[in-house]
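Enquirer: Model the structure of this input:
(one chain, ligands or ions: 1)
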Amino acid sequence: MCIHSFPLIQAKLDENAENALKVKEWEVGMFQNEMAVSQRIKIRRRSPTEPPTHYVGPFEFQLQNGGNTPRNILEEIVWNKDVEVTKMKERMPLSVLKKAIENAPPTRDFIGALKAAHFGTKLTGLIAEVKKASPSKGVLRENFDPIAKAYEKGGAACLSVLTDEKYFQGGFKNLEAIRKAGIQCPLLCKEFIIDAWQIYYARTKGADAVLLIAAILPDLDIKHMTKICKMLNMAALVEVHDEREMDRVLEIEGIELIDINNRNLETFKVDINNTKKLLEGERGQVIHQKDIIVVGESALFTPDDIAYVQDAGIKAVLVGESIVKQDEPGKAISGLFGKDISL
Ligand SMILES: O=P(O)(O)OC[C@@H](O)[C@@H](O)c1c[nH]c2ccccc12
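Expert: Reported below is the predicted structural model:
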């Protein structure tokens, strides 16, 4: 007589298997936190929960609670993203995404577009950002039609499209709509990537590049995700904010594109000098030797700001607020650069 004839025993076996899986998932989470701490990443990947009720592992893990409220807005966004992506993965398994990618139109060359723009105008290439709102500034612009076309007409080499809905009122529907509206320039999916699944998902929605944030992702994740981007013919824009993050990213093989964020994503404080600071001295030499393109982003409002970061060695800028807020984005771009940059 087989085991299935004893439903109570089978139910107990199923419960044990489920508990074992919960324990394993919790331990993996703890090890992820340990790896992040070892790289001085302050953002915790997910809310530190109590060990599973049946946990019998090392005692020191049971002391890891450390408070389960986010320490800043970035950590809150990441914890929310963890829940959001888990639900999306259940609805849309990776196998379905991979199948969809087989029939997707080819990607556009994000890095090539930035190089061509810089070569054409000798100015920094522009990545114009489609951003409705932000946690620090609230709603910046009510409607987007047809801001993407105006950006492209005004000389943007690429577009950055916020896809986070809860904190930036963005969405993948915007990315798809811009792609379907016939925009030719490459699109960056501006998202809080915490799981490689999101890269495949962005590819199915028309993205040519994704953002990888060093303040969130350990080195191994950045390396692994950069390889996935290459495999999908996408660009990986790796965001850094301070010397420590820059030094970490410069040690990772295969990095082609780094963006220096003048905004601290934990405090939203901005300092344009951050760009110059991270490009000086040996760091600047390593970047040049590795032929890495560096993008300057955040708090860029005037031709002097553009000239300042360009003199510091920036080859492209990513700009949102100072152009997205204006009635005529095309004119806003000319105002930002002090000249018409449409080729
Ligand atoms: O609106 P600004 O100050 O021009 O900044 C644009 C962009 O740099 C900013 O939106 C940004 C930088 N890094 C991010 C990461 C996630 C969301 C948004 C961002």
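Enquirer: Can you name the residues of the stretch 151-300 of the chain sitting close to the ligand?
Expert: Lys190, Glu239, Asn261, Arg263, Glu297, Ser298, Ala299, Leu300 (C-beta under 6 Å from any ligand atom). Placement of C-beta: from N, CA and C, glycine included.
Enquirer: These into TSV, with extra columns for secondary structure and neighbour count?
Expert: As requested, these are exported to TSV (DSSP: H, G, I helix; E, B strand; the rest coil; neighbours: other C-beta atoms under 10 Å):
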residue	secondary structure	neighbour count
Lys190	strand	29
Glu239	strand	24
Asn261	strand	25
Arg263	strand	18
Glu297	strand	25
Ser298	coil	25
Ala299	coil	19
Leu300	coil	27
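Enquirer: what's the model's confidence in the one helix or strand Trp26 maps to, averaged?
Expert: Trp26 belongs to helix 7-38 when assigned by DSSP states H and E. Averaged across helix 7-38, pLDDT comes to 83.
Enquirer: C-terminal to that helix, what's the next element?
Expert: Using DSSP H and E, the next helix or strand after helix 7-38 towards the C-terminus is helix 73-91.
Enquirer: Now do that following helix and helix 7-38, the angle between them.
Expert: Relative orientation of helix 73-91 and helix 7-38, computed by axes from the mean of the first three to the mean of the last three C-alpha atoms, to 10 degrees: 140 degrees.
Enquirer: Can you point out the buried residues in the very next helix or strand once past helix 73-91?
Expert: Next in sequence after helix 73-91, counting helices and strands by DSSP H and E, comes helix 94-102. If you call a residue buried by 16 or more other C-beta atoms under 10 Å, then helix 94-102 has these buried ones: Leu97.
Enquirer: quick revisit: which strands or helices does the helix holding Trp26 pack on?
Expert: Here helix 7-38 touches no other helix or strand, going by 3 or more C-beta pairs under 8 Å, 6 or more residues apart in numbering; DSSP states H and E.
Enquirer: List the residues that contact Ile127.
Expert: 114, 156-160, 188, 295, 297, 316-319 (C-beta atoms under 8 Å, 6 or more residues apart in numbering).
Enquirer: Show me how the record splits the protein into domains.
Expert: For the chain, automatic domain parsing gives the domain ranges 3-69, 95-337.
Enquirer: looking at these, which is buried most?
Expert: Mean neighbour counts were compared across the domains of the chain using mean count of other C-beta atoms under 10 Å; the top stretch is domain 95-337, at a mean of 19.
Enquirer: Show me how far that one is from its chain's centre.
Expert: In terms of C-alpha atoms, centre = their mean, to the nearest Å, the centre of domain 95-337 is set 8 Å apart from its chain centre.
Enquirer: sorry, back to before: compare the domains of the chain and say which comes out lowest on pLDDT.
Expert: Among the domains of the chain, domain 3-69 scores lowest, with a mean of 76.
Enquirer: So that domain, near the ligand or not?
Expert: No - applying C-beta under 6 Å from any ligand atom, one finds domain 3-69 separated from the ligand by no less than 12.5 Å.
Enquirer: What is the distance between that domain and the centre of its chain?
Expert: The answer for domain 3-69 is 27 Å, by C-alpha atoms, centre = their mean.
Enquirer: where does the residue nearest the centre of the chain fall, phi/psi-wise?
Expert: Nearest to the geometric centre of the chain sits Leu211, at 3.0 Å (C-alpha atoms, centre = their mean). Phi and psi for Leu211, reported as degrees, to the nearest 10, are phi -100, psi 130.
Enquirer: Identify the bridge partners of it.
Expert: Leu237 (DSSP bridges).
Enquirer: Contacts only, for it.
Expert: Leu188, Cys189, Lys190, Glu191, Ile193, Leu237, Glu239, Asp259.
Enquirer: Throw those into JSON lines and include distance to Val23, thanks.
Expert: Output for those, formatted as JSON lines (distance: C-beta to C-beta, whole Å):
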{"residue": "Leu188", "distance to Val23": "39"}
{"residue": "Cys189", "distance to Val23": "34"}
{"residue": "Lys190", "distance to Val23": "36"}
{"residue": "Glu191", "distance to Val23": "31"}
{"residue": "Ile193", "distance to Val23": "27"}
{"residue": "Leu237", "distance to Val23": "37"}
{"residue": "Glu239", "distance to Val23": "34"}
{"residue": "Asp259", "distance to Val23": "39"}
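Enquirer: of all those, which comes closest to Leu279?
Expert: Lowest distance from Leu279 to the contacts of Leu211 (C-beta to C-beta) belongs to Asp259, with 11.9 Å.
Enquirer: Tell me the spacing between that closest one and Met231.
Expert: 22 Å (C-beta to C-beta, to the nearest Å).
Enquirer: What of Leu237?
Expert: Distance from Leu237 to Met231, by C-beta to C-beta: 17 Å.
Enquirer: returning to that earlier point: Glu84 is nearest to which of the domains of the chain?
Expert: Once these are compared by C-beta to C-beta, domain 95-337 is nearest, at 7.7 Å.
Enquirer: From one end of the closest one to the other, what's the distance?
Expert: 44 Å (C-alpha to C-alpha, to the nearest Å).
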